[in-house]
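Student: Task: produce atomic coordinates for the following.
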Amino acid sequence: MRSSFFLLPAVLLAACGDRPSRADDIGAPLPVPIVESPTSPSQAYALTQDLVVSTNEPFWQARVEGDILVVTGVDTAERRLPVSSSTTTAEGRAVSGRDAAGSVEMIVRGLPCQDDMSGARFPFSGTLSFDGGAPIRGCARPVSMAPPGEPGTGSSR
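Tutor: The predicted structure is shown next:
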């Protein structure tokens, strides 16, 4: 009976001995998250595609078109910034554009989002920052996906 008492802890310790700590896992690269669109569950979208981020109050929209970050607003003309950096990690994607007027950074995370005003559901959440300013929160989707609530895409609620 005494030998079983000492055998169980020894087996448990041996099983844990070669396992890396959680701290060792933190820097390891992870695959890019793929989130299914709520309007088309059978089709998965990766964060590496061309993307659109839309914000509310202030109303901005930024989209990636290849090597260009296109930004529009309610009272502003379309602004086309060459992409100066684009990074995809396990948490999401960051795209920065710069032109003579300044910089814009778009960050998209692989987390679903619900529009604050319309209630429309998006596959990703996103933020826009202008010239290093505070991020403006919004929702994001692949350019190839019609905005939620448009004809043929199902309900926005």
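Student: pretty sure residue 144 belongs to a helix, no?
Tutor: No: applying DSSP: H, G, I helix; E, B strand; the rest coil, one finds residue 144 to be coil, outside a helix.
Student: burial count for it?
Tutor: Using other CB atoms under 10 Å, residue 144 is surrounded by 12 other residues. Any C-beta I mention is one placed from the backbone N, CA and C, and that applies to glycine too.
Student: Regarding the closest residue to it other than its chain neighbours, what is its secondary structure?
Tutor: Nearest non-adjacent residue to residue 144, counting by CB to CB, 6 or more residues apart in numbering: residue 49, 6.7 Å away. What three-state DSSP gives for residue 49 is coil.
Student: from here on, count from 324
Tutor: Done: numbering now begins at 324, and the last item shifts to residue 372.
Student: pLDDT score for residue 372?
Tutor: Listed pLDDT for residue 372 reads 77.
Student: C-alpha coordinates for the longest strand along the chain, PDB please?
Tutor: If you go by DSSP state E, the chain has its longest strand at strand 399-411. Output in PDB follows, covering the C-alpha atoms of strand 399-411 (Å, rounded to 0.1, in the frame of the first residue of the first chain):
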ATOM      1  CA  THR A 399     -13.700  64.100 -47.100                       C
ATOM      2  CA  ALA A 400     -12.600  63.100 -50.500                       C
ATOM      3  CA  GLU A 401     -11.200  59.600 -51.100                       C
ATOM      4  CA  ARG A 402      -7.600  59.400 -49.900                       C
ATOM      5  CA  ARG A 403      -5.300  56.800 -51.400                       C
ATOM      6  CA  LEU A 404      -2.200  56.000 -49.300                       C
ATOM      7  CA  PRO A 405       0.600  53.600 -50.400                       C
ATOM      8  CA  VAL A 406       0.900  50.800 -47.800                       C
ATOM      9  CA  SER A 407       4.100  51.300 -45.900                       C
ATOM     10  CA  SER A 408       3.700  48.100 -43.800                       C
ATOM     11  CA  SER A 409       1.300  45.200 -43.500                       C
ATOM     12  CA  THR A 410       1.800  42.600 -40.700                       C
ATOM     13  CA  THR A 411      -0.400  39.600 -39.900                       C
END
